[in-house]
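**Q** pasting a predicted model and its sequence here:
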Amino acid sequence: MRFISKNAYICSVKYKAVISGDIIAYTSLEDTSKAILENGLKDVFNELEGQFNTYSRLVKGDYLECVAPVSSNSLRVALIIKTFIKSLQLTAQNKRHRYFEEHGLRMAIGFEELSRYDPEAGIIDGEAIYLSGRLVSEASTHYKKRVIIKGTLMFISNDKSLDDNINTIFSLLDHLFSKTTKKQSEVIYHKLWGLSEDEIARKLGTSQSSVNQHSTAAGWNAIEKAILYYETLLSNY
């Protein structure tokens, strides 16, 4: 699998993709688990920056923002973050933890212009982040006595046709990822980075056949096709 490297992004582009994310049932985690999650995310953010030239940050313990300057990379980046969170073994302090186990992260990808973007100064400003942030906020389950989670992967731009096209695919991906186990999520996480099954097996200390079984059960073939479709679609902008 070939990715667009950090050095390939050398000029400004009209559109940028911003991922806004809300960790579901974050308050259900014990304090030690929150620290593990936050420190792990920071490591993932550093890896994403090196591979995809992204800029990511935790705004609060349970809310994150990530800019993908090469917009076609944004779905892969979003799913890397989601599968990392879903693969973690964390301890809980109340029953809402089952929502964290099932979904991990609610995300919206906003695809529009950024009027100001300066990673060194921590500035992300413009339509893309407004759209993604608003969509995540509208779908939030914070402070609700009854938790209702309709979807955790969303796309928004100012092009309704594009939104409808991509959100159809996202709904199917959302269904797949809601059913992945921790082991399956871990395997998919490494596949999203482009590792082969043999490489993943060595990293996880297991067999290639076991990796393949987890990959197949998680629906990797469908996930990969959806990502490639998304990358092709957004590369036209």
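**A** Arrived safely.

**Q** can you give me the pLDDT of L131?
**A** For L131, the pLDDT comes out at 96.

**Q** ok, now the one 10 residues further on?
**A** Per-residue confidence for T141 comes out at a pLDDT of 55.

**Q** next helix or strand past the lowest-mean-pLDDT helix or strand in the chain?
**A** Within the chain, no helix or strand scores below helix 97-103, which has a mean of 67 by mean pLDDT, DSSP states H and E. Per DSSP states H and E, helix 97-103 leads on to strand 105-112 as the next helix or strand towards the C-terminus.

**Q** averaged pLDDT, that following strand. What do you get?
**A** Strand 105-112 comes out at a mean pLDDT of 94.

**Q** direction included, what does it pair up with?
**A** strand 16-23 (antiparallel), strand 153-156 (parallel) (DSSP bridges).

**Q** beyond it, next helix or strand please.
**A** strand 116-118.

**Q** how far off centre is that next one?
**A** 21 Å (Cα atoms, centre = their mean, to the nearest Å).

**Q** just checking, what packs against that strand?
**A** Contacts defined by 3 or more Cβ pairs under 8 Å, 6 or more residues apart in numbering; DSSP states H and E place strand 116-118 against strand 123-125. (Each C-beta comes from the backbone N, C-alpha and C, glycine too.)

**Q** what's the strand it packs on in contact with?
**A** 18, 55, 65, 67, 114-117 (Cβ atoms under 8 Å, 6 or more residues apart in numbering).

**Q** can I get those residues in JSON lines including distance to S215?
**A** Below are the contacts of strand 123-125 laid out as JSON lines (distance: Cβ to Cβ, whole Å):
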{"residue": "V18", "distance to S215": "29"}
{"residue": "Y55", "distance to S215": "30"}
{"residue": "E65", "distance to S215": "30"}
{"residue": "V67", "distance to S215": "29"}
{"residue": "L114", "distance to S215": "35"}
{"residue": "S115", "distance to S215": "41"}
{"residue": "R116", "distance to S215": "41"}
{"residue": "Y117", "distance to S215": "35"}
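
**Q** which helix or strand contains the residue nearest in space to the middle of the chain?
**A** Residue closest to the average C-alpha location in the chain (Cα atoms, centre = their mean): A78, at 2.1 Å. Using DSSP H and E, A78 falls within helix 74-87.
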